[in-house]
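In: Attaching a predicted model along with its sequence, questions to come.
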Amino acid sequence: MDHLKAYWPQEIECIRKGVNRQDGYLTLISPHYINDRLQNKDYPDRVFDELDIFWAISHGHIVEGYDSGDRGRNPEAERTIIGPAVSGNYCVVIVLIKTATRFIIKTVFPADRERYIKHIPGGISNAD
C-alpha cells in the first residue's frame, strides 16, 4: 500500500506533466473507462469526465501505492490519487505506471468510502 512512497511527490509531478504532455510525459485515460464505464447506467458512480479527472490529478495527491502484482491482476504498479473534481466532489483516480514517462488512468470513482474519506482535507465525504 506504500509502494515506493518516497517517490510519490516525484511521480505525481510526472503524472501531471503527462496530463499536459510536457517533456515527453503522457497520461491517458483508459478507453475502457471512457467507453464502457463513464455515464453507463450499470456503473452509476462513474460520472467523472476528462476535465474532472485532470483537475483531480492537478489538485490531488497520491495516497496509496501498489507494486505490480500486489493487487492480484495488476501487471503494472498502481498509484491511487485523491483529488477534487471540477464540482468540488472528491474522486479516486487509479493510475497505472506503464513506463517512467507513460501513465494510464485505469478508473475513477467517488471518494465516498472510509478508506478514502480520511485523505480528503477535513475528512468530508461527497455526501456531506
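Out: Good, I have the coordinates.
In: longest helix anywhere in the protein?
Out: helix 8-19 (DSSP state H).
In: which stretches of this structure have low pLDDT?
Out: For the chain, the stretches with pLDDT under 70 are 70-74, 123-128.
In: circling back to that earlier point, can you list the residues that contact the longest helix of the chain?
Out: For helix 8-19, the external contacting residues (Cβ atoms under 8 Å, 6 or more residues apart in numbering) are 4, 23, 25-28, 54, 57-58, 60-62, 65, 79, 81, 95, 97, 100-103. All C-beta atoms are positioned from the backbone trio N, CA, C, and that covers glycine.
In: PyMOL command to pick out the buried ones of those residues?
Out: What follows is the PyMOL syntax for the buried subset of these, where burial is set by 16 or more other Cβ atoms under 10 Å:
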select buried, resi 25+26+27+54+57+60+62+65+79+81+95+97+102+103
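In: buried stuff in the longest helix of the chain?
Out: Buried-residue list, helix 8-19, by 16+ other Cβ under 10 Å: 8, 11-12, 14-19.
In: Redo the residues you listed as CSV? Include distance to Pro110.
Out: Compiled in CSV, the buried residues of helix 8-19 are given as follows (distance: Cβ to Cβ, whole Å):
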residue, distance to Pro110
Trp8, 22
Glu11, 23
Ile12, 20
Cys14, 25
Ile15, 20
Arg16, 22
Lys17, 26
Gly18, 23
Val19, 20
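In: and which of those residues is nearest to Pro121?
Out: Ile12 (16.1 Å; Cβ to Cβ).
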